[in-house]
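*Asks:* here is my input, please return the structure:
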Amino acid sequence: SLQNSGTAQVFSLVAERRKKFQEIINRSNSEANQVVRPKTSSKWSAPGSAPQLTTAILEIKESILSLLIKLHHKLSGKQNSYYPPWLDDIEILIQPEIPKYSHGDGITAVERILLKAALQSRMNKRIIEEICRKVTPPVPPKKITAAEKKTLDKEERRQKARERQQKLLAEFASRQKSFMETAMDVDFPESDIPMEITTAEPQVSEAVYDCVICGQSGPSSEDRPTGLVVLLQASSVLGQCRDNIEPKKLPISEEEQIYPWDTCAAVHDVRLSLLQRYFKDSSCLLAVSIGWEGGVYVQTCGHTLHIDCHKSYMESLRNDQVLQGFSVDKGEFTCPLCRQFANSVLPCYPGSNVENHLWQRPSNKSIQDLIKEVEELQGRPGAFPSETNLSKEMESVMKDIKNTTQKKYRDYSKTPGSPDNDFLFMYSVARTNLELELIHRGGNLCSGGASTAGKRSCLNQLFHVLALHMRLYSIDSEYNPWRKLTQLLEEMSSQLGNEEQQPEVPILYHDVTSLLLIQILMMPQPLHKDHFTCIVKVLFTLLYTQGLVALSVKCNEEDRSAWKHTGALKKNTCDAEKSYEVLLSFVISELSKGKLYHEEGTQECATIIPVAWSPESMEKYLQDFCLPFLRITSLLQHHLFGEDLPSCQEEEEFSVLSSCLGLLPTFYQTEHPFISASCLDWPVPAFDIISQWCFEINSFTERHAEQGKALLIQESKWKLPHLLQLPENYNTIFQYYHRKTCSVCTKVPKDPAVCLVCGTFVCLKGLCCKQQSYCECVLHSQNCGAGTGIFLLINASVIIIIRGHRFCLWGSVYLDAHGEEDRDLRRGKPLYICKERYKVLEQQWISHTFDHINKRWGPHYNGL
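*Replies:* Residues are numbered from 1 along each chain as shown. Just a heads-up that it's a prediction; the model follows:
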């Protein structure tokens, strides 16, 4: 009975539903009758007659798939909201993962249906893709009221104002940061020397410069060149380097004296004089570098300007009646942006960075092919460019560089006015700037990156100017050192000269760093990276041979015979040309044919301290001998090609730099103890070329054995320059110097002073020691520092700085117990050395920043 009653209820519900469904159909039919009129011949149908219904077919051109996609757009409220998922991931069609659950919103349901349809048929998949490609009709905008519109406009204006404010603040912050980095940081304390360098992506356009006067940006061109604001100054800082770490002490008694014989400048002067005594003068000027005294140092604040804008700026300074601390007639001015002192503009050579980047790409050419290309490129005569504004400015800045230093510091030839002087001076300017940057980095490249000085470096532009002028000179191919380095010459006797004619300088007496700069600057610019690496590899073989020769000279006869025997046993091995034992044995056997090792009459042997040489100590000596060359070469590569300098530990510096320069083979195993000879890549058979080089030495030592040995022993480990070490108590200085007589006039000066660079005692403002209208302090600043002098005034305890035609009071490095100065010694308090102040003074001297940091300058009129 329960089952029958349940069945009856079901049937009654079905009957009710049918009844309601019939009512809905009847209602829809009546509505259709009102909308669709019957097609009759008469306008009005007869009353009471049944209406004749007709069907109107509307063509909508839609399918179930297109309707589903439009439904998806409508539910999401966005146009083109449906994107077929299999276009991004084809795996969906291969391994579909349709969820078995059926819950979700309408959008999810439509997506599930469309995916299932695409899985059923390729045609469905293609139709869905075509429908999605069509542009769907725009969704009508939502109607908003006037109040809502007013609120939205207000919010939109507020949002735009906030974005504009943030953009301006970000722009001001970036400008302030760049200005502080490039203009204000001119003091280089030692703690700030290692700095990070950001690696930038290679530019794909021409270099663009901003003129700080007119504000226009653009590349440097031949007609309107752009230049760097630079300061040219003569420097003798390099010449004060010594071979000992501890600085010399200021003499405070008659027994204490300072002799300049062990300075870098004195050693190089003696070497050049010795070479000019026995060899051809033109050849001697290619074998050394000058600039240790009176070299020209170029530094910049980093700002650029148009050359014509600079001329207008200088004209306005001449017409300015305000008292200035510099001489406009001598070309001096201050940077229009950062007000840093300057005296010249270095033109920027126009060029595309893309071209420079392409020239850095390595090629697969052999070293023999590259050697021929280098010789061919050096043989091409260089021509000065046509008369353009750029060429005129390059010629003008070269005159400024020459006039920066005195004539005696750039004229070393026996023949006055010889073009060899200009050639020597130009590549020595590059050497001076590279050596000074190395000193600013602490004497090595272990820190890597770029120092504060390197960040505003102008060496790339300077190299272009020097190379352009050096290409005007040509070295006779017969006497070009490149031939002796890469070729086996048949007739060596013609190179050695005769009794009437002096011979050429033997290749083993050449300074390798000087040869590097000559070879690089004689090449057309921009330089190809492969040619640079080829030159470095060839010169490293000469440098390593020089190290082996110097090592053989330093040891005694017993060690030489032992090494000669040990290396001869390994000469037939496969890697004999890359074994320092074999090469050293061969060098000793070749030089033994001459009189180099004959100890009679030589004073050098008595001064050489016996050393117990071991394989480790020999390897360290060779690495230390080659390291100065690798450092300068790495800096040169960094400036020419923009490659970063890697940081390393001090004991790894040789291997890291040799790898950076391409000397170390890529397959070299680093886990084994590093051997410097593995960097050798001989362009010709090693034993043949070494025999040729040693033959030149034997020919010279036949007549001058003592001088030949002295020229082979080169000091390469120069320490950083320092000022003289001062005593702790100032009374010690005062008691010795205030009654000391002058060595020139033999009188006690009224205002005595002492040079803190060399310790010379001079008369301040003394007319008794005046020479050719120059008082003694000014004259000594020109002889000792090439125009820069640092003097301690004995009766005032203050220091004065002389820079060219100007001077300033620097302050005192001696303070009382309360940390205060006692100028003119009026209070009579005991004074003690302030090491922090003295360190700052020394750092300003080394970094050549006296002109930038000290602002109270005045003309001295040669009266100090």
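*Asks:* CA only for contacts and neighbour counts going forward, please
*Replies:* OK.
*Asks:* so how far is the helix or strand that contains E437 from its chain's centroid?
*Replies:* Secondary-structure element containing E437, defined by DSSP states H and E: helix 419-440. Relative to its parent chain, helix 419-440 has a centroid offset of 17 Å by CA atoms, centre = their mean, to the nearest Å.
*Asks:* what comes up buried for that helix?
*Replies:* Buried residues in helix 419-440, counting neighbours by 16 or more other CA atoms under 10 Å, are found at 420-440.
*Asks:* and stretch 750-768, by the same measure?
*Replies:* Using 16+ other CA under 10 Å as the test for burial, stretch 750-768 gives 752-766.
*Asks:* just the residues you listed: which are in strands?
*Replies:* Counting by DSSP state E, the buried residues of stretch 750-768 place P752, A753, V754, C755, F761, V762, C763 in strands.
*Asks:* correct me if wrong: the last one contacts P752.
*Replies:* This points to C763. Yes - with contact defined as CA atoms under 8 Å, C763 counts as touching P752 (5.1 Å).
*Asks:* neighbours of L711, just the number please.
*Replies:* Number of residues near L711 (other CA atoms under 10 Å) recorded here: 17.
*Asks:* typo on my end, it should be S659
*Replies:* Other residues close to S659 by other CA under 10 Å number 15.
*Asks:* quick check: buried residues in the longest strand seen in the chain?
*Replies:* Secondary structure of the chain per DSSP E: the longest strand is strand 295-306. Neighbour counts over strand 295-306 (16+ other CA under 10 Å) mark G295, V296, Y297, V298, Q299, T300, C301, G302, H303, T304, L305, H306 as buried.
*Asks:* closest one of the residues you listed to S514?
*Replies:* G295 (14.6 Å; CA to CA).
*Asks:* got a list of what the closest one touches?
*Replies:* A234, S235, S236, T405, Y409, S428, V429, T432 (CA atoms under 8 Å, 6 or more residues apart in numbering).
*Asks:* any chance of a markdown table for those residues, columns distance to L815 and pLDDT?
*Replies:* Converted to a markdown table, the contacts of G295 look like this (distance: CA to CA, whole Å; pLDDT from 0 to 100):
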| residue | distance to L815 | pLDDT |
| --- | --- | --- |
| A234 | 32 | 94 |
| S235 | 30 | 93 |
| S236 | 29 | 93 |
| T405 | 36 | 92 |
| Y409 | 38 | 90 |
| S428 | 41 | 94 |
| V429 | 40 | 95 |
| T432 | 36 | 95 |
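*Asks:* need those in TSV (columns: distance to P685).
*Replies:* Shown next, in TSV, are the contacts of G295 (distance: CA to CA, whole Å):
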residue	distance to P685
A234	44
S235	43
S236	42
T405	45
Y409	41
S428	32
V429	35
T432	35
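*Asks:* can you give me the helices for the stretch 401-550 of the chain?
*Replies:* Listed in chain order, the helices of the stretch 401-550 of the chain (DSSP state H, counting those that start in this stretch) span 419-440, 452-455, 459-470, 481-486, 493-496, 512-521, 529-554.
*Asks:* now the stretch 501-650 of the chain, which segments are flagged as low pLDDT?
*Replies:* The model of the stretch 501-650 of the chain has pLDDT under 70 over residues 599-612.
*Asks:* follow-up on the earlier one: tabulate the helices of the stretch 401-550 of the chain in JSON lines, adding columns for distance to S366.
*Replies:* Output for those, formatted as JSON lines (distance: least, CA to CA, whole Å):
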{"stretch": "helix 419-440", "distance to S366": "29"}
{"stretch": "helix 452-455", "distance to S366": "34"}
{"stretch": "helix 459-470", "distance to S366": "26"}
{"stretch": "helix 481-486", "distance to S366": "14"}
{"stretch": "helix 493-496", "distance to S366": "29"}
{"stretch": "helix 512-521", "distance to S366": "19"}
{"stretch": "helix 529-554", "distance to S366": "9"}
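*Asks:* mind checking which of those helices is nearest R631?
*Replies:* Comparing the helices of the stretch 401-550 of the chain by CA to CA, helix 419-440 comes nearest, at 7.8 Å.
*Asks:* list of residues touching stretch 760-767?
*Replies:* Contact partners of stretch 760-767, identified using CA under 8 Å, 6+ apart, comprise 742-743, 749-755, 769, 775-777, 863-864.
*Asks:* flag the least confident of these.
*Replies:* Scanning these for pLDDT, the low point is C769. It has 73.
*Asks:* quick one: residues contacting that residue.
*Replies:* Residues near C769 by CA under 8 Å, 6+ apart: V744, C745, C763, C775, E776.
*Asks:* which of these lies closest to L250?
*Replies:* Closest approach to L250 among these (CA to CA): C763, at 17.2 Å.
*Asks:* what pLDDT does the closest one get?
*Replies:* For C763, the model assigns a pLDDT of 87.
*Asks:* pLDDT below threshold where in the stretch 51-200 of the chain?
*Replies:* 51-59, 89-103, 135-145, 147-150, 152, 176, 178-200.
*Asks:* do the same with the stretch 651-800 of the chain
*Replies:* Residues of the stretch 651-800 of the chain that meet the criterion pLDDT under 70 lie in 666-672, 715-716.
*Asks:* and the residue lying closest to E393 once chain neighbours are set aside, how close does it get to S220?
*Replies:* Using CA to CA, 6 or more residues apart in numbering and skipping residues adjacent in sequence, the residue nearest E393 is P347, 6.7 Å away. To S220, P347 is 8 Å away according to CA to CA, to the nearest Å.
*Asks:* looking at the two, which one has more neighbours?
*Replies:* Neighbour tally, P347 and S220, criterion other CA under 10 Å: the higher count belongs to P347, 28 against 24.
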